[in-house]
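Trainee: here's my sequence, what's the structure:
(one chain, ligands or ions: 1)
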Amino acid sequence: MKLALVTDLHFGVRNDNASFADFQEKFYSEVFFPYLKENNINNIVDLGDTFDRRKYINFVSLDRAKKMFFDPIDQNKYNLHALVGNHDSFYKNTIEINSMELLAEHYDNIQIYSKPHVQQFDGLDVLMLPWICSDNQEEIFELCKTTPSQVLFGHLELSGYQMHKGQSINHGMKDDWLQKFDVVCTGHYHTKSTTGNINYLGCPYEMTWADHGDQKGFHIFDTDTRELEFIPNPFVMFHKIHYNDRDKSMEQVTNVEFEKYSSCYVKIIVSEKTNPFWFDMFVDKLEKAGPIHVQVVEDHLHLDMESDDDIVSEAEDTMTILHNYIDALEVNVDKDKLEYTIKDLYSDALSIS
Ligand SMILES: [Mn+2]
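Mentor: Residues are numbered from 1 along each chain as shown. All right, here's what the predicted structure looks like:
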């Protein structure tokens with residue numbers, strides 16, 4: 001049997017932003033559900049963080065989540081197995097009150113896992129683990145020790161793995177208790193990565209600048225071979241344009257296919273602007289294509305950079321700047337904790353637009 005694995009759906013992301021809901025919908029209507037139909041796949045596993053907000057729901061976001069995700073599942077009579085993630089839970093120490101059970105329970109073909117459970121898929125026992133918190137961790141670790149299941153699906157916060165491309169997490173739990181499993185698939189971190197038997201699946205679409213340049217998509221898991229296949233999402237939300245008009249004609253500078261920036265976030269990284277008028281024309285044309293947001297990053301400070309890649313990464317990586325700043329501080333506090341809090345704040349700030 002083949003299972004479609006999708007995780008960190010975050011309905012209502014970026015402060016219930018309609019453009020992001022449109023972008024999510026495009027993935028489900030043009031990539032995810034057509035693929036399932038074509039390949040005769042009827043079982044979906046959602047590995048957590050279905051909704052973005054922990055404490056309340058915006059009714060438009062709920063309505064859109066139903067229309068783009070839950071209703072097609074219902075209409076096509078697919079089975080959805082959904083783990084409760086940290087974003088789905090009201091409290092931090094228990095997942096008892098969670099949006100999934102409150103909002104999606106009335107669908108017949110949806111099974112929600114707010115407790116650990118061994119689910120059989122075509123003869124394969126899979127240990128399904130929701131978010132681990134103080135309330136359930138003892139039960140979960142005990143179950144993991146004794147379970148004969150060789151496959152685990154979870155929403156795990158593991159130390160030493162990448163959260164976003166190039167950003168590792170050094171809080172969270174160790175992975176030693178997972179080594180006994182043949183295959184572990186997990187949500188929670190938004191970049192896709194595989195280390196030994198542990199597969200972070202990554203979110204299905206871009207939601208913040210940290211997702212830029214990081215291929216998103218979903219997976220197909222074959223219960224016979226226990227193999228994972230990655231199905232990419234071709235749609236991109238965050239774009240960078242490297243602007244340099246030196247030794248170019250006006251036509252070369254302004255004749256760009258701007259259509260692809262419609263309903264997208266765009267960062268223009270200016271390395272050389274010899275003709276301000278051309279630059280204004282360039283920005284004007286870009287604005288006409290209807291991007292959601294345009295940001296201009298002047299790059300005068302980086303003239304000694306060797307390659308465009310250096311300029312792009314130096315210009316973007318706030319997380320690294322935060323890391324280096326905290327690293328250099330001479331204070332008597334737990335710097336890991338401080339860094340986590342600051343990065344958490346930064347992520348929160350990003351979602352308030
Ligand atoms: Mn998430």
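
Trainee: going forward, measure contacts between C-alpha atoms and count neighbours the same way
Mentor: Noted.

Trainee: please tell me how far the residue in the stretch 1-150 of the chain that the ion sits nearest to sits from residue 202.
Mentor: Using Cα to the ion, the single residue of the stretch 1-150 of the chain nearest to the ion is residue 8, 4.4 Å away. Distance, residue 8 to residue 202, using Cα to Cα, to the nearest Å: 7 Å.

Trainee: which residues do the two both contact?
Mentor: Residues within reach of residue 8 and of residue 202 at once, by Cα atoms under 8 Å, 6 or more residues apart in numbering, are 187-188, 190.

Trainee: what's the closest of these to the ion?
Mentor: Set against the ion, the nearest of the shared contacts of residue 8 and residue 202 by Cα to the ion is residue 188 (4.5 Å).

Trainee: ok, now how distant is the closest residue to residue 226 other than its chain neighbours from the ion?
Mentor: Leaving aside its sequence neighbours, residue 226 sits nearest to residue 183 (Cα to Cα, 6 or more residues apart in numbering; 7.3 Å). Distance check for residue 183 against the ion: by Cα to the ion, to the nearest Å, it reads 21 Å.

Trainee: contacting residues for residue 183?
Mentor: The neighbours of residue 183, taking Cα under 8 Å, 6+ apart as the test, are 150-152, 197-199, 226.

Trainee: hey, what's it bridged with?
Mentor: residue 151 (DSSP bridges).

Trainee: hang on, the earlier thing: sort out which of the contacts of residue 183 are buried, if you could.
Mentor: Neighbour counting by 16 or more other Cα atoms under 10 Å classes 150-152, 198-199 among the contacts of residue 183 as buried.

Trainee: re the thing from before, in strands, which of the shared contacts of residue 8 and residue 202 appear?
Mentor: Using DSSP state E, residue 187 are the members of those that sit in strands.

Trainee: follow-up on the earlier one: JSON lines please, covering the contacts of residue 183 and showing pLDDT.
Mentor: Compiled in JSON lines, those are given as follows (pLDDT from 0 to 100):
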{"residue": "150", "pLDDT": "98"}
{"residue": "151", "pLDDT": "98"}
{"residue": "152", "pLDDT": "98"}
{"residue": "197", "pLDDT": "98"}
{"residue": "198", "pLDDT": "98"}
{"residue": "199", "pLDDT": "98"}
{"residue": "226", "pLDDT": "98"}
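
Trainee: pull the most distant pair out of those.
Mentor: 150 and 199 (14.1 Å; Cα to Cα).

Trainee: which strand or helix spans residue 340?
Mentor: Here residue 340, judged by DSSP states H and E, is contained in helix 335-351.

Trainee: which of the residues in that helix are buried?
Mentor: For helix 335-351, by 16+ other Cα under 10 Å, it's 339, 342-343.

Trainee: then stretch 231-247?
Mentor: In stretch 231-247, the ones that count as buried by 16+ other Cα under 10 Å are 231, 233, 235-240, 242-245.

Trainee: distance between that stretch and the chain's centre?
Mentor: Offset of stretch 231-247 from its chain centre (Cα atoms, centre = their mean, to the nearest Å): 19 Å.

Trainee: then stretch 210-223?
Mentor: For stretch 210-223, the separation from the chain centroid amounts to 9 Å (computed by Cα atoms, centre = their mean).

Trainee: and for that stretch, what are the contacting residues?
Mentor: 1-7, 32, 121-122, 124, 164-165, 190-192, 201-206, 227-234, 237-239.

Trainee: now residue 1: closest residue in space that isn't a chain neighbour?
Mentor: Here the residue nearest residue 1, using Cα to Cα, 6+ apart, is residue 223, at 5.4 Å.

Trainee: low-confidence stretches in the chain?
Mentor: 300-317, 353 (pLDDT under 70).
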